[in-house]
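Peer 1: Requesting a structural model of the entry that follows:
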Amino acid sequence: PCEPTEPYKQRLMRFYPLSKSSAISEIINALYSLVSCVMVIVETYKISDNNFIDKSFSVDLYFCTFWAMNFIVELTITLSKIKFLFSLRSLVDVVTVVPTLALFFTFQNIAELKSNFVEYEVLKILRIFRLLRLRNSFRYILKKHANKSENTVNLQFVKMVMNLVVGILVMAALFNFMSTVNKSDWGEGPQNFKFHNALYFVVVTMTTVGYGDFSPTTIPGRMVVTVLILVCFSSLPIMTAKIVYLLSIKERYRGKLSADKGNRHLIFCCDPCCMEAVSYAIEMISENLHGIFLPHVLLLVPSNPNQIAKTLILKLGGEKGATYINGD
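Peer 2: As a prediction, this is how the structure comes out:
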């Protein structure tokens, strides 16, 4: 009897993540996310330039239309729609895309939108969360890596770095927003607390340096800074411990031979039981070179190094003279 054919959606879900269309979509998502966040930062310096604001909102509206269509496509082909709707990617779409489209359909023109200054500034802060889309792009790139354990560790590093970058930029945008709306003086006069100053203030505060050249003068600003300090004190030790843990579980002998090791190599591919023969062969080659430096040795063995291999690596000068890769 004929075996039942696989449902179309299952075949599509299995094929699409590996297809060129998925790769192109991830690249476009990453580029649009970066451009959108750059426009948010530039807008803080061109807040009175209506022409630039109009163009920026028009470009952002195009980005949101693309992301909305991409969201509908992924929701259609996914098998577990509930899981997809509660994923980080969907939440980023809801937080960053829906408000932009809602404001576009609520207000008749850009001038009316800009008259509602607070809503527009809050929208700009939300747009920074689009950087979290880069996590999916990095995940797609790391899937090409052959070593799954290395891939997992690298992906965790990417997540931590992206969360930290997004957190810093969001706090900087929030402080810039508060100084602009409240017309408060943070150290350079009312409404003169630019984004680069806000970014500098967040980094100095998070690292507990606290030069004191910038400081909030309003009660809401001081409350937000207090929360930021408490969050940093509680989260930084956790992140540090996680980095140490990831480094401890990362396999040392996985990887590749870098091109900066030179262009002359001796490559030995063997099983662990053949390391004595490899050691003898290297001695013979070294003797026949008559004083010429031995080329960089690459040992490609499908296991972690045994005692003979470790002794050989030390004899060759450590990592400068030999590279050991657990592979075949």
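
Peer 1: what about residue 244, neighbour count?
Peer 2: 9 (other CB atoms under 10 Å). C-beta here means a position set from N, CA and C on the backbone, and glycine is covered the same way.

Peer 1: you'd agree it is in a helix?
Peer 2: Yes: membership of residue 244 in a helix is supported by DSSP: H, G, I helix; E, B strand; the rest coil.

Peer 1: any idea how far residue 232 is from it?
Peer 2: In this view, residue 244 and residue 232 are 18 Å apart by CB to CB, to the nearest Å.

Peer 1: How about residue 245?
Peer 2: 20 Å.

Peer 1: So for those two, which sits in the more crowded spot?
Peer 2: Between residue 245 and residue 232, residue 232 has the larger neighbour count (other CB under 10 Å), namely 18 against 12.

Peer 1: For the more buried one, list the residues it contacts.
Peer 2: Counting by CB atoms under 8 Å, 6 or more residues apart in numbering, residue 232 makes contact with 205, 206, 208.

Peer 1: Which strand or helix spans residue 55?
Peer 2: Here residue 55, judged by DSSP states H and E, is contained in helix 50-77.

Peer 1: which is the next helix or strand following that helix?
Peer 2: Helix 50-77 is succeeded, C-terminally, by helix 81-85 (DSSP H and E).

Peer 1: per-residue confidence averaged over the helix or strand following that following helix?
Peer 2: Next helix or strand after helix 81-85 toward the C-terminus (DSSP H and E): helix 88-96. Average pLDDT, helix 88-96: 82.

Peer 1: Kindly calculate the angle that helix 88-96 makes with helix 50-77.
Peer 2: Angle, helix 88-96 to helix 50-77, by axes from the mean of the first three to the mean of the last three CA atoms, to 10 degrees: 140 degrees.

Peer 1: Touching helix 88-96 from outside, list them.
Peer 2: 64, 67-68, 71, 84, 126-127, 129-130, 132-133, 135-136.

Peer 1: and the helix holding residue 55, how far from the chain's centre?
Peer 2: Helix 50-77 sits 21 Å away from the centroid of its parent chain (CA atoms, centre = their mean, to the nearest Å).
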